[in-house]
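J.: please work out how this folds:
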Amino acid sequence: MARGATIHRRTNETDVRLKLNLDGRGKARISTGIRFFDHMMDLVARHGAFDLELQASGDLDVDQHHTVEDVGITLGEAVAKALGAKRGILRAGYFLMPMDETLAAAAVDLSGRPYCAVAAKIAASRLGDFQVELLEDFFQGFAQAARANVHLRVLYG
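T.: Residues are numbered from 1 along each chain as shown. Prediction:
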């Protein structure tokens, strides 16, 4: 039985359509209007080995905040819906990701109690066209909607 969800989130600032298959193969089709964010979401799907279709439009002429945060919320809602009663899963897990000179750690607990902690000092204010300060907003939105503890840390690099 496939674990998946389709979510449509529409606000005054954004329109996000997301389809998630947790039992996928890491395939993604992403379009948010923020190219580096698209790249990040593609890598999340690839390394998470789930399929993700994401189409988001927002008030990017104002800034990226609403789009980034609402994508995090929508992805969190989809994960919560796809997992349902969470039967048969390990509730918590962690991952270390070496990326050249950098080592990052992520730990997630699908406890039903939302909390997010991000410890990452990134010297640049932008990565490509992405406003780096919004990284935490994305994960805060995800943690709240998925009702998960999310702890992220860049150990070095």
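J.: Arg113 and Val150 touch, don't they?
T.: No: contact criterion CB atoms under 8 Å: Arg113 and Val150 do not qualify, at 11.2 Å. All C-beta atoms are positioned from the backbone trio N, CA, C, and that covers glycine.
J.: who's more crowded, the two?
T.: Val150 (21 against 10; other CB atoms under 10 Å).
J.: check contacts around the closest residue to that one other than its chain neighbours.
T.: Sequence neighbours aside, Ala143 is the residue nearest to Val150 in space, at 4.3 Å (criterion: CB to CB, 6 or more residues apart in numbering). Shown in contact with Ala143 (CB atoms under 8 Å, 6 or more residues apart in numbering): 76, 114-116, 149-150.
J.: go on, Val118?
T.: Counting by CB under 8 Å, 6+ apart, Val118 has contacts 135-136, 139, 152-153.
J.: how many residues are close by the nearest residue to Ile122 once chain neighbours are set aside?
T.: Using CB to CB, 6+ apart and skipping the chain neighbours, the partner closest in space to Ile122 is Val132 (5.0 Å). As a burial measure, Val132 scores 14 neighbours (other CB under 10 Å).
J.: can you check Ala123 too?
T.: For Ala123, using other CB under 10 Å, the count is 5.
J.: quickly find the element holding it.
T.: Here Ala123 sits in a region with no helix or strand, counting by DSSP states H and E.
J.: Asp23 now?
T.: Per DSSP H and E, there is no helix or strand for Asp23.
J.: please apply the same query to Pro98.
T.: strand 92-99.
J.: quick one: buried residues of that strand?
T.: When burial is assessed from 16 or more other CB atoms under 10 Å, strand 92-99 yields no buried residues.
J.: distance from the following helix or strand past it to the middle of the chain?
T.: Downstream of strand 92-99, the first helix or strand assigned by DSSP H and E is strand 102-109. Mean-position distance between strand 102-109 and its chain equals 13 Å (CA atoms, centre = their mean, to the nearest Å).
J.: give the buried residues for strand 102-109.
T.: In strand 102-109, counting by 16+ other CB under 10 Å, buried: 104, 108.
J.: same question, stretch 34-50
T.: 34, 37-38, 40-42, 44-45, 50.
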